[in-house]
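K.L.:
mind looking at a prediction? Sequence and model below.
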Amino acid sequence: LELVGWRKVPIDTSVLGRLALERLPQIEQVFIGGAGLSDQDFAIKLFSARRRSSVANAADSDHYICSFSHKTIIYKGRMIPADLAAFYPDLGDERLQTAICVFHQRFSTNTLPKWPLAQPFRFLAHNGEINTITG
């Protein structure tokens, strides 16, 4: 794997509420090249890299990788749905094109909202209340 680029994702914090602003994480994107790898091998290497990073940084509560995919870009946030495009100017950029967009709005009654709790949709979608198993 080769590091191709890294950027701080442009955001507009003016649409966020006080609690979301107080807990706003650093939002960055990393771009990795997989020259010579098959689609499946590239996906496996990226998955392994994400897992190794998460394990190595387990003590850092601010470390969270919502996606490390060669096919999917994830934008997460603590805002009302109408403000998503304003918060992420990338979503209004004509150069960004997609064949599909999945949007999930979380209404939880058993946990307080937190940035990492927004669904990552690492594979496509999941909407189960896994956290209630231990409750």
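P.N.:
That came through, no problem.
K.L.:
now do the phi/psi pair for the residue nearest to residue 28 when sequence neighbours are not counted.
P.N.:
Nearest residue to residue 28, sequence neighbours excluded (Cβ to Cβ, 6 or more residues apart in numbering): residue 8, at 5.4 Å. Glycine gets a C-beta too; all of them are placed from N, C-alpha and C. Main-chain dihedrals, residue 8, degrees, to the nearest 10: phi -80, psi 130.
K.L.:
so residue 8 touches residue 90, yeah?
P.N.:
No: using Cβ atoms under 8 Å, residue 8 is not in contact with residue 90; the gap is 11.7 Å.
K.L.:
and those two? Which one has more around it.
P.N.:
residue 90 (15 against 9; other Cβ atoms under 10 Å).
K.L.:
neighbours of the nearest residue to residue 74 once chain neighbours are set aside, how many?
P.N.:
Using Cβ to Cβ, 6+ apart and skipping residues adjacent in sequence, the residue nearest residue 74 is residue 67, 3.9 Å away. Around residue 67 there are 17 other residues, counting by other Cβ under 10 Å.
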